[in-house]
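Novice: give me coordinates for this.
(2 chains)
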Amino acid sequence: MHGRPRKQPSLNEDNASIEKAAKLRSLQSLVLHNHQNKIYDKEALEVSSKLLELNPEFYTAWNYRKLAVESALLSEENSDTIRAILNEELKVVENALRRNFKSYGAWEHRKWVLKKEYSSVDQELQLLDQFQKADSRNFHAWNYRRFVAKLKNLPAKEELKYTTNMIESNFSNYSAWHSRSVILSHLLKEKPQGFNSKHDVLKEEYDLVHQALFTDPDDQSGWFYHLWLLAQTAAPDAPSLISLWPPHGSDLVVSSNGALPLILYFDQVVEGVNSSTITVAHTFCEGEGLIWKPLSVNYSGKAQAWMTYLKFPEPGNNSSEVYTVVVGLGQVKGIISSSGSSLSSPLRFTFTMRVQSTPSEHSEGIVTMKMLSWKDEDFCRNEEVLQYFNPCILPSELLNISEDCQQTTLKSKLEIFTHEIELFRDLLIEMNCKIGMLTLARLLLAHDALMLHSTASVSQKANSEKILELFTDLMKLDPTHSRFYKDKLSIVLMEQVVSNRKSLEGHCWYYGTSTFSLTQNSICLRLNNLSLSRIGSFEHLLWVQMIDLRENELRSIEGLEVLQRLTCLNLSHNKLSSFTALSPLTLLSSLKVLDISYNEIGAHSIDTTRYLCSSPLSHSAGDDCNLGEYAIDDVDMAKYWEAVLVFRGLQLMQLDVVGNAVSDDDEFSFLLVKILPKLKWLDGNAVY
Amino acid sequence: MMGELEVEKHVQFILSVEKKKDDFESVAMEHIRINGAYWGLTTLALLGKLGVVDQDEVVSWIMKCQDESGGFGGNIGHDPHILYTLSAVQVLALYDKLDVLDIDKVSSYVSGLQNEDGSFSGDIWGEVDTRFSYIAICCLSILGRLEKLNVQKAVDYIVSCKNMDGGFGCTPGGESHSGQIFCCVAALAITGSLHHIDKDLLGWWLCERQVKSGGLNGRPEKLPDVCYSWWVLSSLIIIDRVHWIDKEKLASFILNCQDKENGGISDRPEDAVDVFHTFFGVAGLSLLEYPGVKAIDPAYALPVDVVDRIFIGRR
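Specialist: Residues are numbered from 1 along each chain as shown, chains lettered A, B, ... in the order given. Below is the predicted model of the structure:
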């Protein structure tokens, strides 16, 4: 029941209702009876049309009529008679729609009749005009219109014109804007003759939507369309590599037990990264077929970051031997984005490494690991150490963007953004409009991203202060959605911190206790207490082995799975509310030390990341979700299956979970020790 | 002002709807009685009151709605349709009574409705809609027979209904609508395919459904309605963006839609109540972690303990 006032029916109304109900009941019973007995005479059909006029939702009656029509058409060859039979159906539908024009059954019956190809399109379009005038947002009518247009092959340009008319008569018609985006997407893809270039089309569309936005900035309809235009404008044409580890030109000293991760980070999700699209030439282990793995928690086989392991040789007598590794991408086409375009241009990078034999007391299993403390006094500034760390962002000389057509596209994109930015700056001078402010922030972000990834000048983050200011203002202006803005702000803030070397260095600390040797360089990236609700900019952080994110407001660590070198992670004092929120950790095979103490794990009845990880509830996982092997007597697995899914397979040596609702259970500690066989320290206590 | 949830009144209201059979509304809804049973009984389960209804009576009535094709009709003697088949399966799951079904027969009925392009028809007459994709996927997943479908094609079809705003429509090109978005998002969740969703884009569109009163609407520039407390909220939860709305304001909007005298919840304050909105109101409060209401699973639309019993217990 929608939109009907709540009131007690008076006695009279009640009687009238009972009388009406009795009539309806007898019609319904009669139709069911006729349906069951296959009675299709005129009188019986009359009963069903009466019923459908009264209650168009009675779906079995529509089925009954279809059977009746089919039975009548079976012996009929005269096309006039056939047309008459079908027209009768159209009439019944029309009457039903006048009762309830949201009736799925009625619209569907009409489609069924139309598919028989005896009806005139004009009549349908006229009827649609009536209905769409009466309710211009009726999605049944819009769907039906698309159905007719497709069935009768109506020209796309005519349908586009129709949306223009609807929009011009009412800018607030979201349905029309939507329909326009559908038709235009199709035209932009098909590029029929006489259709303008993408750039010109977008410019015209911006002009149209500006009229709507400037007429009533508080109406949402046009803004969503504007956002779509922005995405169309910003969309990169071809994927490109933006970051990698080991960095180009670096000299590494590696220890002999283990393998070296090779990580590639693209500007968008790609597929087809494998040993034929990536060549790795080195002076050892010839002929080795490398296996590339997508770094993502889903099973799509696509990812923005990919990694493989390079096995390096045993150190010979001559441990000072330097090996050179050359990695080449894009010589063979095959790395493609989800829109189907290939890596923009081939590139190669190199690094060298020396293998150092590991002192025996450091090999795993022998060393008695000391507990890692995250206390402030264990960290110090050490400028000397910092010189060893290399940014992983691809140096600009490797970016091959000199081709003319790319430069032209870039120029025209920047031209659009600059114009839009000016326009909305002016609008905001005149009024406080939240979506206008958000749009300006998005435009500035898009502008900066384009500058960063396409020009040689890396430090072109001219707008980030303005963007932060806009999001901060939005949090106050629109408190209902403050945490949306907060998440956006966090991403920008994090980028500001880590994307420039100077600021990044300010957050890099030397972990002081010399006995601790889990990381190579002992640099800890300390991003604690920044009030971050989300993290990002991982393309700048592929080198990180130790990161301290405590005392933020993190609810999610999405994306952290690309930090393949991570061995120590502190997430304590955040807002993580379930184990499933930790699923990126399942890809971090080097992780040894984890602190998730003082979060909200186990404190919520609703798990918002339940479906973002692979689990028995979603069917991508297949057989690797066997929880049975972790079953322990007296431990309720149904209660802890999320923890098992995240922790099994991890090689953790130190774990802190205290201060979460879940950690109050003794049987939980018992379970942790069982599923983490290498664990030495749990909540500060030695594990035996 | 925000009041308490009138648990006892709502239980009485649901029971009264079941008994009331003579007024026009009840007769006009007769063809979807099995949906009504699902709404009413799931509400009772969330309120911890499932015991007030005779289980055997419900189960035997449900089984009388089954057609020889394996599908269920909305009531005894009505044609089978995928819409009512899911409700039947959900109610049986609620009672842990899936074993009364001939599971192969029911799942063959459902899988038989998949079309060449991966979409699903609602019944033999061929209406196609992403609602039916969700129903088929949800139903067969509960029955442990998802392998009977071409899941890849089913997912591809849903993805082909994705729109500029990140949402989904009934068929390719159809406008985004919160109810439809729930169906597509939940179907992608169950099939482990959420990577097809731009979570930030869709999340923003969904969180902008919250209007000044705190209620949620189903599309831009429309009125709020309690039923979207389910459709929008469950979608936001599945993609982990529910913190982008003001939960307290939404909870008070739902509570303000209660009929505090006679029980039941309506679409908007002071409107007439019905069992559909009562379910979506209570389910919404469950997703908002309202005290005293059991947790509901955002994809299967069944209490979490029921879903865990089926999926964790099965392994």
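
Novice: give the helix, strand or coil label for A:Lys370.
Specialist: coil (DSSP: H, G, I helix; E, B strand; the rest coil).

Novice: helix or strand with the lowest mean pLDDT in the chain?
Specialist: Chain wasn't specified; assuming chain A. Within chain A, no helix or strand scores below helix A:383-386, which has a mean of 68 by mean pLDDT, DSSP states H and E.

Novice: actually, chain B is the one I wanted.
Specialist: Per mean pLDDT, DSSP H and E, helix B:24-28 ranks last in chain B, at a mean of 88.

Novice: mind giving me the packing neighbours of it?
Specialist: helix A:11-36 (3 or more C-beta pairs under 8 Å, 6 or more residues apart in numbering or on different chains; DSSP states H and E). Glycine gets a C-beta too; all of them are placed from N, C-alpha and C.

Novice: show me how far the helix it packs on is from its chain's centre.
Specialist: 50 Å (C-alpha atoms, centre = their mean, to the nearest Å).

Novice: what average pLDDT does it get?
Specialist: Averaged over helix A:11-36, pLDDT sits at 89.

Novice: go on, stretch B:105-120?
Specialist: Here the average pLDDT along stretch B:105-120 is 98.

Novice: do stretch A:292-306 as well
Specialist: Taken as a whole, stretch A:292-306 has a mean pLDDT of 91.

Novice: with stretch A:638-652 instead?
Specialist: 90.

Novice: show me where the stretch 101-250 of chain A has its strands.
Specialist: A:241-245 (DSSP state E, counting those that start in this stretch).

Novice: and the helices in the stretch 51-200 of chain A?
Specialist: Counting by DSSP state H, counting those that start in this stretch, the stretch 51-200 of chain A has helices at residues A:59-74, A:79-99, A:104-114, A:121-134, A:139-151, A:156-169, A:174-190, A:198-215.

Novice: please report the distance of the residue in chain B that chain A sits nearest to from A:Arg348.
Specialist: Nearest residue of chain B to chain A, counting by C-beta to the nearest C-beta: B:Gly192, 2.6 Å away. Distance of B:Gly192 to A:Arg348, computed by C-beta to C-beta, to the nearest Å: 36 Å.

Novice: quick revisit: the residue of chain B closest to chain A belongs to a strand, doesn't it?
Specialist: No: per three-state DSSP, B:Gly192 lies outside any strand segment and is coil.

Novice: I'd say it and A:Cys613 touch.
Specialist: No: contact criterion C-beta atoms under 8 Å: B:Gly192 and A:Cys613 do not qualify, at 9.3 Å.

Novice: more neighbours: those two, which one.
Specialist: When B:Gly192 and A:Cys613 are compared for neighbours, A:Cys613 comes out ahead with 26 against 23, by other C-beta atoms under 10 Å in any protein chain shown.

Novice: I figured that one was touching A:Leu587, is that so?
Specialist: No: judged on C-beta under 8 Å, A:Cys613 makes no contact with A:Leu587 at a distance of 11.1 Å.

Novice: mutual contacts of these two, please.
Specialist: Counting by C-beta atoms under 8 Å, 6 or more residues apart in numbering or on different chains, the contacts common to A:Cys613 and A:Leu587 are A:Val297.

Novice: re the thing from before, which of the helices of the stretch 51-200 of chain A sits most buried?
Specialist: helix A:104-114 (a mean of 22; mean count of other C-beta atoms under 10 Å in any protein chain shown).

Novice: now do that helix: distance to the chain's middle.
Specialist: On C-alpha atoms, centre = their mean, the centre of helix A:104-114 falls 36 Å from that of its chain.

Novice: okay, angle between that helix and helix A:139-151 too, please.
Specialist: Compare the direction of helix A:104-114 with that of helix A:139-151 by axes from the mean of the first three to the mean of the last three C-alpha atoms, to 10 degrees and you get 10 degrees.

Novice: list the residues that contact B:Arg131.
Specialist: Here B:Arg131 is in contact with B:83, B:122, B:170, B:179-180, B:183 (C-beta under 8 Å, 6+ apart).

Novice: for it, what is the enclosing helix or strand?
Specialist: Using DSSP states H and E, B:Arg131 sits within helix B:130-142.

Novice: quick one: name whatever helix or strand follows that helix.
Specialist: Later in the chain than helix B:130-142, the nearest helix or strand by DSSP H and E is helix B:151-159.

Novice: which two in the contacts of B:Arg131 are spaced the farthest apart?
Specialist: B:Gly122 and B:Gly179 (15.0 Å; C-beta to C-beta).

Novice: the more surrounded of those two?
Specialist: More neighbours surround B:Gly122 than the other of B:Gly122 and B:Gly179, with 25 against 17 (other C-beta under 10 Å).

Novice: rewinding a little: how far does the helix holding B:Arg131 sit from the chain's center?
Specialist: With C-alpha atoms, centre = their mean, you get 11 Å for helix B:130-142.

Novice: that one to helix A:104-114, inter-axis angle?
Specialist: Going by the same axes, to 10 degrees, helix B:130-142 makes 110 degrees with helix A:104-114.

Novice: show me chain A divided up by domain.
Specialist: A:11-234, A:241-358, A:404-454+A:462-488, A:513-686 (automatic domain parsing).

Novice: give me whichever of these is most buried.
Specialist: With neighbours taken as mean count of other C-beta under 10 Å, the domains of chain A reach their highest mean count in domain A:513-686, at a mean of 19.
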